[in-house]
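Q: Take this sequence and fold it.
(3 chains)
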Amino acid sequence: MLTRDLVLAALFTAIIVVLGLLPPITLGFIPVPITAQSLGVMTAGVVLGAKRGTIAVLLVLLLAAIGLPVLSGGRGGLGVFAAPTTGYLIGWVAAAFVTGLASEKLVRAQQSGLIQGIGFFVASLLGGVVVLYAFGVTYLALVTGLGFSKAFLGSVAFIPGDVLKAVVAALVGRAVMVGYPLLPQRA
Amino acid sequence: MRTLYVEGRSVLHRMPPRAKLLGLAVASIVLFATRSIPLLGMFCVASAAVYLLLRLAPREAFERLRPVLLTIVVVGLFTLLFDSAIEAAVFVLRLTSLMLLAAAVTATTGISAFMDEITRLAMPLERIGLVRAADIGLAVGLVIRFVPEVLARTQAIRDAHHARGLKPRMLTLAVPMIILTLRSADEIAAAIDARGLRGQN
Amino acid sequence: MDGIRLDIRFERAEARYAGRTVLQPLDLALSERRIGVIGLNGSGKTTFARMINGLVTPAAGRVTVNGFDTATETESARRQTGFIFQNPQNQIILPILREDIALGLQARKLAKPDVRAAVDAVLSRFGIGHLADRRSHELSGGELQLAALASVMVTEPAILIMDEPTNQLDLKNRRLVVETMQGLNETVIAISHDLELIADFDRLLLFHEGRLAADGAPAEVIRHYRDIASA
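A: Residues are numbered from 1 along each chain as shown, chains lettered A, B, ... in the order given. Just a heads-up that it's a prediction; the model follows:
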């Protein structure tokens, strides 16, 4: 792996950690607050692409696992992975990968800003919602014995917030690309 | 960054990380292999005993568990409502036990101990060309090193907003923060390569 | 490293970036103890410096450092040089200073006490022994630049290349770095906008638009530079 890729991933991990220190954003019409950190995870794929984005997210989980309070709210340690929502943490990795891969495939330099933004949005939706929830809901279903449909029912309230996150991730991704383009290029 | 490791000389402290991680893995298998509430109950009590024997200050001990405990309770209630009391009890006992044991491992294992173990575990992956074991330690070091810088930069951007009478919003904060941080990647990478730190010298 | 003659050669070495030639084919031999490199931004001086330690490899021709080809024997060539970059913050990459310096010795597989001794020795050499166990992000700009010096000198390279070492520093910190640099036995090649820094060097190289525009004693070359800069 190129040193530059390693450094980019690690720096983005630092960004994700710092985003965890920012207060969550509450929007009136959405029942659950959006953490800046989960937005950061979605944005990793959009900004860095599949390989670097996945490494960045893996690093966050590794840091949490070895006992650093890097998850939003100062959470950390192996205990965090004993929660029923652990599926979403594992899902972060798959989400970053899918978002990154989709971004690399969908977004091209010659496209207009709007098309690029839409491309990033679709990528964020695929990774940050579809894939993420696949992991999150499945894990929840397995660990509670509830079965997929009931587990999904319990998670459905969070979806609108995550769709909104996908919009913001796309906007951030597009804006970052204007200032410091890493995509569209090979990761 | 403050770590969750707590100094001490207990049995758990002196156990090698690999043994503790293996222990957790075995515990998970055992916990999910049984549905007997009395058995799970005993396991839970035993796990609590292990955690309490660490003698963390009561407030600290609880604070560490609170976020996870909260999600376990909420999901437990959901399970109670949408399934059965038995399912809910099994679920709560299983995850609570795991949480307590995991928290005990975290409190008794230092970062360097973990990193040494991870580097060792990554050796076989290195042999198949997937990753360089030393890169993991380097990456972790890089993150810890630069978090304070990124934080300082974020605060500087926030201050710049206030100075111009603007309210900092996610977009106007995140974008410059990301760009400025990623821009230093080239020079940091060049410095690493110039020193031959990735096994070249 | 006394008695080892420094020998850097450019043999029709040329550098390209994104299809453009940033350094025209250059023939040069360096063996002086203090060499300054000046020029306007974009003149090719930074590319030139980075070709000496192999960060940039020649698109044509070759560069050798003490006999090692920077393109085909990059590791051996790099071992001859230490490179200091502009921004001190980007050079110390581990959270505790001691760890960062020690990282440079990793390849030598020394015993822990020997590593500790070497780290302490090099930090003391630059007057920052007392900062060994400090957190990197708590160090000042000047302390970081000295730390960067320690981090590259711990492996005892013969040649030190510095790219605008005092650019980001305030007056006090600048002094610190300059004085330290003056006391070095190793060969120093310094790119600098800070003309005062290099005014008493043995040889100055002036780059302009990818070419070596002047080469010789400082006074002469600086005069040439002023002419170019005011053109």
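
Q: hey, let's count contacts and neighbours off CA atoms from now on
A: Noted.

Q: Let me know the secondary structure of the residue in chain C that chain A sits nearest to.
A: Closest contact between chain C and chain A, by CA to the nearest CA, is at residue C:93 (10.0 Å). Classification of residue C:93 by DSSP: H, G, I helix; E, B strand; the rest coil places it in coil.

Q: Okay, and residue C:62 sits in which element?
A: Element membership of residue C:62, judged by DSSP states H and E, is strand C:60-65.

Q: Contacts only, for the residue of chain B found nearest chain C.
A: When distances are taken as CA to the nearest CA, chain B reaches nearest to chain C at residue B:145, 4.2 Å away. With contacts taken as CA atoms under 8 Å, 6 or more residues apart in numbering or on different chains, residue B:145 has the following neighbours: C:93, C:94, C:95, C:96, C:136, C:137.

Q: For chain B, see how far away the fourth one is.
A: Counting by CA to the nearest CA, to the nearest Å, the gap between residue C:96 and chain B amounts to 8 Å.

Q: domain parsing for chain B?
A: Residue ranges for the structural domains of chain B, counted by automatic domain parsing, are given in the record as B:11-109, B:132-194.

Q: got a pLDDT number for residue B:169?
A: With respect to pLDDT, residue B:169 has a value of 77.

Q: so how many other residues sit close to it?
A: Residue B:169 is flanked by 11 other residues according to other CA atoms under 10 Å in any protein chain shown.

Q: Repeat that for residue B:14.
A: Using other CA under 10 Å, residue B:14 is surrounded by 11 other residues.

Q: From chain A, how far out is it?
A: Counting by CA to the nearest CA, the gap between residue B:14 and chain A amounts to 17 Å.

Q: Which element, helix or strand, includes residue B:7?
A: For residue B:7, there is no enclosing helix or strand under DSSP H and E.

Q: That one: neighbour count?
A: Counted with other CA under 10 Å, the neighbours of residue B:7 add up to 11.

Q: quick revisit: give me the number of neighbouring residues for the residue lying closest to the residue of chain C closest to chain A once chain neighbours are set aside.
A: Nearest-residue entry for residue C:93: residue B:142, 5.6 Å, with adjacent residues in sequence omitted and distances by CA to CA, 6 or more residues apart in numbering or on different chains. Counted with other CA under 10 Å, the burial measure for residue B:142 works out to 23 neighbours.

Q: Also the one 5 residues further on?
A: Residue B:147 has 23 neighbours, counted by other CA under 10 Å.

Q: Over to residue B:80?
A: 16.

Q: ok, and the residue most central in space within chain B, which helix or strand is that part of?
A: Of all residues in chain B, the one closest to the mean position by CA atoms, centre = their mean is residue B:106, 8.2 Å from it. Per DSSP H and E, residue B:106 falls inside helix B:85-108.

Q: Quick one: list the elements packing against that helix.
A: When contacts are defined as 3 or more CA pairs under 8 Å, 6 or more residues apart in numbering or on different chains; DSSP states H and E, helix B:85-108 packs onto helix A:132-144, helix B:11-14, helix B:17-33, helix B:37-52, helix B:58-82.

Q: what about the chain, any weak spots by pLDDT?
A: Defaulting to chain A. Per-residue confidence of chain A (counting by pLDDT under 70) places the weak regions at A:27-32, A:184-187.

Q: The intended chain is chain B.
A: Counting by pLDDT under 70, the ranges of chain B that qualify are B:199-201.

Q: how many other residues sit next to whichever residue of chain A sits closest to chain C?
A: Taking CA to the nearest CA as the measure, chain A has residue A:7 as its residue closest to chain C, at 10.0 Å. Look at residue A:7: counted by other CA under 10 Å, it has 25 neighbours.

Q: wait, doesn't it sit right on residue B:185?
A: Yes: counting by CA atoms under 8 Å, residue A:7 touches residue B:185, with 5.8 Å between them.

Q: residue contacts, residue A:173?
A: The neighbours of residue A:173, taking CA under 8 Å, 6+ apart as the test, are A:43, A:46, A:47, A:117, A:120.

Q: now the strands for chain C?
A: Using DSSP state E, the strands of chain C run over residues C:8-17, C:20-30, C:34-39, C:60-65, C:68-69, C:81-84, C:159-163, C:187-191, C:203-208, C:211-216.

Q: Deepest-packed of these, please.
A: Most buried of those by mean neighbour count (mean count of other CA atoms under 10 Å in any protein chain shown) is strand C:81-84; its value is a mean of 27.

Q: Need the residues that contact that strand.
A: Where contact means CA under 8 Å, 6+ apart, the residues beyond strand C:81-84 that reach it are B:191, B:194-195, C:53, C:91, C:148-149, C:152-153, C:157-163, C:165.

Q: what do you get if the cut-off is 7 Å, keeping everything else the same?
A: Under the criterion CA atoms under 7 Å, 6 or more residues apart in numbering or on different chains, residues B:194-195, C:53, C:148-149, C:152-153, C:157-163, C:165 lie in contact with strand C:81-84.

Q: Just the CA trace of it, in CSV.
A: The C-alpha trace of strand C:81-84 is given here as CSV (Å, rounded to 0.1, in the frame of the first residue of the first chain):
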residue,chain,number,x,y,z
THR,C,81,20.5,11.3,3.6
GLY,C,82,18.2,12.9,6.2
PHE,C,83,15.4,15.1,4.9
ILE,C,84,13.8,17.9,6.9
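
Q: all helices of chain A, in order?
A: Taking DSSP state H as the criterion, chain A carries its helices at A:3-19, A:36-48, A:50-65, A:86-106, A:113-125, A:132-144, A:148-155, A:159-179.

Q: Please tabulate the ones you listed in JSON lines, including the columns distance to residue C:180.
A: Converted to JSON lines, the helices of chain A look like this (distance: least, CA to CA, whole Å):
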{"stretch": "helix A:3-19", "distance to residue C:180": "30"}
{"stretch": "helix A:36-48", "distance to residue C:180": "40"}
{"stretch": "helix A:50-65", "distance to residue C:180": "38"}
{"stretch": "helix A:86-106", "distance to residue C:180": "47"}
{"stretch": "helix A:113-125", "distance to residue C:180": "50"}
{"stretch": "helix A:132-144", "distance to residue C:180": "54"}
{"stretch": "helix A:148-155", "distance to residue C:180": "62"}
{"stretch": "helix A:159-179", "distance to residue C:180": "38"}
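
Q: After the longest helix that chain B contains, which helix or strand is next? Please name it.
A: For chain B, the helix that runs over the most residues, judged by DSSP H, is helix B:133-163. As assigned by DSSP H and E, the chain's next helix or strand after helix B:133-163 is helix B:170-183.

Q: got the angle for that next one vs helix A:36-48?
A: Counting by axes from the mean of the first three to the mean of the last three CA atoms, to 10 degrees, helix B:170-183 points 50 degrees away from the direction of helix A:36-48.

Q: Which residue, neighbours along the chain excluded, lies closest to the residue lying farthest from the centre of chain A?
A: Of all residues in chain A, residue A:145 has its C-alpha farthest from the mean position, at 26.5 Å, by CA atoms, centre = their mean. Nearest residue to residue A:145 in three dimensions, chain neighbours excluded: residue B:87, at 7.0 Å (CA to CA, 6+ apart).

Q: State the distance from that neighbour to residue A:16.
A: Here the distance between residue B:87 and residue A:16 works out to 36 Å (CA to CA, to the nearest Å).
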